[in-house]
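Student: A structural model of the following input is requested.
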Amino acid sequence: MFEPQVESMSRDELADLQSRRLRQLVQRAYEKVPFYRRKMESRGLVPQDIRSIADIRYLPTLQKSDMREQYPFGLFSAEREEIARFHASSGTKGKPTLVGYTAHDLQVFANLLARSLVTAGATPQDTIHVAYGYGLFTGGLGFHAGVEHLGATVVPASSGQTVRQVTLMQDLRPQGICCTPSYAMTLADVMLQHSIQPKSLGIRYGIFGAEPWSESMRKQIEDIYGLTACDVYGLSELMGPGVAIECFEEQNGLHLAEDHFYAEICHPDTGDPVPEGEYGELVLTALSKEAMAIIRYRTGDITRLKSEPCSCGRTHRRMERLLGRRDDMLVVRGVNVYPSEIERVILQCPELSAHYQIRRVYQGHLEQLEVHVEVADSSAASVELAAAASFNSDAFSRQVAEKLYNTLGIKVEVKICPPGTLPRSEGKAVRLVEERHS
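Tutor: Alright, predicted model coming up:
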């Protein structure tokens, strides 16, 4: 562990720490953020009403729309001259949201990323290749600071220039890699195109996040690289990556940094807490952030929490890997569909690659769900596809469609594509496309 005294503290000690930090956060928000003062007054609350972490349920929730309405500085709880850095969300689902950090916030950020790296298997002696994007996106600079804080060596590759990255990885022989899972597959594709076996690089562990990915994707990445793949979770709105991460010992749920973030699970529609162990929307409070007051933020991510002890010795609760996002869930002919369910089926087929795209096609009032997926470059299906233009309509395509129907309960049209024909990701993969035809 990076901080054993914190990561293995008793639940009572942790609750005391959370309660103290929540009281300070609520007092600061009430005094310095008119948005929270109005929200609390509308509920008849004053800061003195919040005495322990259990009282957090009385506070109002915060949504992405609130952050956009308060743009740029409405939620800031520090003076402008105290702000050391700005970041912004990726804007995948709309207008980006601006976030700020004081110097202390950046120290906490670096410390939590160093903790995350160790949780995934890193040591101070390692070289770590960081291929998350740098700039307004928090991933690159966040991991960069974490590697340096750990005392390891960072390769600040950012995203893009994939061929050059492969050369760097061959030359510098990093022990770890940090990037999105889809970009890890893109890197592997380029290596194989240049007759480089990803396993030959000797990468020991990978930390992948910023987009949902399935267990099937994990297995494919681990098999092709010969590494241990750990999921990392974070949001720009709270801090960035490092809110939670899997330990390499179990890879079974992401340990939340509960000394800095308090997690709840609420019903996606009503916002009410759900019974322990049930799936719902993850709601997070940044207990120690100075620059902004982020209280009970509705993340839109669907998961559940688990309190069972972990063999790694960490006592902080774990969240399961994301089932999906509330706004990613598709309702197709009355059936709820998460893209992660489609990915799981696709990656169970060895003939198929990890490169796919879900297309929601509207023809007038009719709606059709299509899955476009590439065959694996080395598969027998690839050879057959090269020889037969009618491969898209053959028995294999129907077999995949039947598997999807058995999983999802709706009909999906499967289109098999030649290797290298679907768009490649250098950051977050764009998995869902809508097409409208009159």
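Student: tell me the domain boundaries of this protein?
Tutor: For the chain, automatic domain parsing gives the domain ranges 1-325, 330-437.
Student: mind telling me which of these the model trusts least?
Tutor: Mean pLDDT values for those show the minimum at domain 330-437, a mean of 78.
Student: that older thread, could I get the domains of the chain as CSV with mean neighbour count?
Tutor: C-beta coordinates here come from the backbone N, C-alpha and C atoms, glycine included. Conversion of those to CSV gives the following (neighbours: other CB atoms under 10 Å):
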stretch, mean neighbour count
domain 1-325, 19
domain 330-437, 16
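Student: just checking, P268 is part of a helix?
Tutor: No: according to DSSP: H, G, I helix; E, B strand; the rest coil, the state of P268 is coil, so it is not within a helix.
Student: could you find the closest non-adjacent residue to it?
Tutor: Using CB to CB, 6 or more residues apart in numbering and skipping residues adjacent in sequence, the residue nearest P268 is E281, 4.5 Å away.
Student: phi and psi next, for the one you found.
Tutor: The phi/psi pair for E281 (degrees, to the nearest 10) reads phi -90, psi 130.
Student: now it: how far from D327?
Tutor: The spacing between E281 and D327, counted by CB to CB, to the nearest Å, is 11 Å.
Student: any residues in contact with both of the two?
Tutor: G300 (CB atoms under 8 Å, 6 or more residues apart in numbering).
Student: could you list every residue that touches V371?
Tutor: So V371 contacts 342, 346, 356-359, 400, 404, 412-415 (CB under 8 Å, 6+ apart).
Student: closest one to M67 out of those, please.
Tutor: Checking the contacts of V371 against M67 with CB to CB, the nearest one is I358 at 27.6 Å.
Student: so that closest one sits in a strand?
Tutor: Yes: under three-state DSSP, I358 falls within a strand.
Student: show me what it is bridged to.
Tutor: Judged by DSSP bridges, the bridge partners of I358 are V371, L432.
Student: check the gap between it and S216 for me.
Tutor: Here I358 is placed at a distance of 15 Å from S216 (CB to CB).
Student: kindly report the same for E148.
Tutor: According to CB to CB, E148 and S216 sit 34 Å apart.
Student: repeat for R424
Tutor: 19 Å.
Student: output the contacting helices and strands for the helix ranked longest in the chain.
Tutor: When the chain is parsed with DSSP state H, its longest helix is helix 11-32. Packing partners of helix 11-32 (3 or more CB pairs under 8 Å, 6 or more residues apart in numbering; DSSP states H and E): helix 34-42, strand 280-286.
Student: the inter-axis angle of the first one versus helix 11-32?
Tutor: Following axes from the mean of the first three to the mean of the last three CA atoms, to 10 degrees, one obtains 100 degrees for the angle between helix 34-42 and helix 11-32.
Student: quick one: list the elements packing against helix 34-42.
Tutor: Judged by 3+ CB pairs under 8 Å, 6+ apart, helix 34-42 is in contact with helix 11-32.
Student: SS state for the residue nearest to the spatial centre of the chain?
Tutor: Compute the mean C-alpha point of the chain, and by CA atoms, centre = their mean the closest residue is A210, 3.6 Å away. Secondary structure state of A210, per three-state DSSP, is coil.
Student: do E426 as well
Tutor: With three-state DSSP as the basis, E426 sits in coil.
Student: now do the contacts for it.
Tutor: Going by CB under 8 Å, 6+ apart, E426 touches 133, 159-160, 162, 183, 186.
Student: ok, now A15?
Tutor: By CB under 8 Å, 6+ apart, the contact list for A15 reads 52-53.
Student: how about the one 4 residues further on?
Tutor: For S19, the contacting residues are 51-53, taking CB under 8 Å, 6+ apart as the criterion.
Student: what's the spacing between it and S52?
Tutor: 4 Å.
Student: please apply the same query to E435.
Tutor: 51 Å.
Student: swap in P423?
Tutor: P423 is 49 Å from S52, by CB to CB.
Student: then E31?
Tutor: Using CB to CB, E31 is found at 20 Å from S52.
Student: and for V371?
Tutor: Relative to S52, V371 is positioned 48 Å away (CB to CB).
Student: could you do L330 as well?
Tutor: Distance, L330 to S52, by CB to CB: 40 Å.
Student: just Q24 next, same as before
Tutor: Distance of Q24 to S52, computed by CB to CB: 13 Å.
Student: contacts only, for L201.
Tutor: 169-170, 173-174, 225.
Student: now render the helices and strands packed on helix 11-32 as JSON lines, adding distance to E308.
Tutor: JSON lines is the format used below for the helices and strands packed on helix 11-32 (distance: least, CB to CB, whole Å):
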{"stretch": "helix 34-42", "distance to E308": "35"}
{"stretch": "strand 280-286", "distance to E308": "18"}
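Student: nearest to R57, out of these?
Tutor: Closest of those to R57 is strand 280-286, at 10.0 Å (criterion: CB to CB).
Student: angle of the helix or strand that comes right after the closest one against strand 280-286?
Tutor: Using DSSP states H and E, the next helix or strand after strand 280-286 towards the C-terminus is strand 297-303. Here the directions of strand 297-303 and strand 280-286 differ by 140 degrees (the same axes, to 10 degrees).
Student: let me see the backbone angles for Q175.
Tutor: Dihedral angles (degrees, to the nearest 10) for Q175: phi -80, psi -20.
Student: do the same with F2
Tutor: According to degrees, to the nearest 10, F2 has phi -80, psi -40.
Student: ok, it - contacts?
Tutor: Residues near F2 by CB under 8 Å, 6+ apart: 114-115, 117-119, 150.
Student: mind redoing it with 7 Å?
Tutor: Applying CB atoms under 7 Å, 6 or more residues apart in numbering to F2 gives the contacts 114-115, 118.
Student: these in strands, which ones?
Tutor: Residues of the contacts of F2 located in strands (DSSP state E): none.
Student: looks like L352 contacts V373 (just checking).
Tutor: Yes: using CB atoms under 7 Å, L352 is in contact with V373, at 5.3 Å.
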